[in-house]
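Engineer: Just the structure for this:
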Amino acid sequence: MRESDRTLSETRGFMKALVGHDSDEIPGFTAVAPHAGEIVAVVQTAMIGKLRYTTLRDAVFTHPTMGEGHGPLFGGVPTRAQTSANTSSPA
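Structural biologist: Numbering: from 1, shown residues only. Have a look, this model is predicted:
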C-alpha cells in the first residue's frame, strides 16, 4: 500500500473500544492494523483528557488518514438515553 492510499479503504485489522456507560468516556481501546499507532495516539489523547467518545465520533480528521475510522467506530455506540430506555424496569 502506498503512503497516499492510507484511507478507510484499508480492510486489514480491527479496532475495539470500551465506552463508559455513565460517563461516555473511553476507558479502553485497542487497534491491530497497518499504521495502528496513528489511530491509537488520537484515542490515547482523548483518554488522558477524559473526553467523551462523541468528541472523536464528531471530529473532522484530516484526509486521508486512518484516523477517519474513529467516526464509524464510535458511530455505533448507543446513546445513554437509548441504553437507559432499554434497561428501565417496568413500573
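Engineer: Need the contact partners of the lengthiest helix in the chain.
Structural biologist: In the chain, taking DSSP state H as the definition, the longest helix is helix 36-48. Applying CB atoms under 8 Å, 6 or more residues apart in numbering, the contact partners of helix 36-48 are 6, 13, 15, 17, 25-27, 29, 31, 33, 53, 55-56, 61, 65-67, 69-70. For the C-beta atoms, the positions are set from N, CA and C on the backbone; glycine is no exception.
Engineer: what stretches of the protein score poorly on pLDDT?
Structural biologist: Where the chain drops to pLDDT under 70, the residues are 1-8, 63-65, 82-91.
Engineer: just the helices in it please.
Structural biologist: 36-48, 53-58, 70-75, 80-87.
Engineer: among the contacts of helix 36-48, which ones are buried?
Structural biologist: Buried by 16 or more other CB atoms under 10 Å: 6, 15, 17, 25-26, 29, 31, 33, 53, 56, 65-67, 69-70, out of the contacts of helix 36-48.
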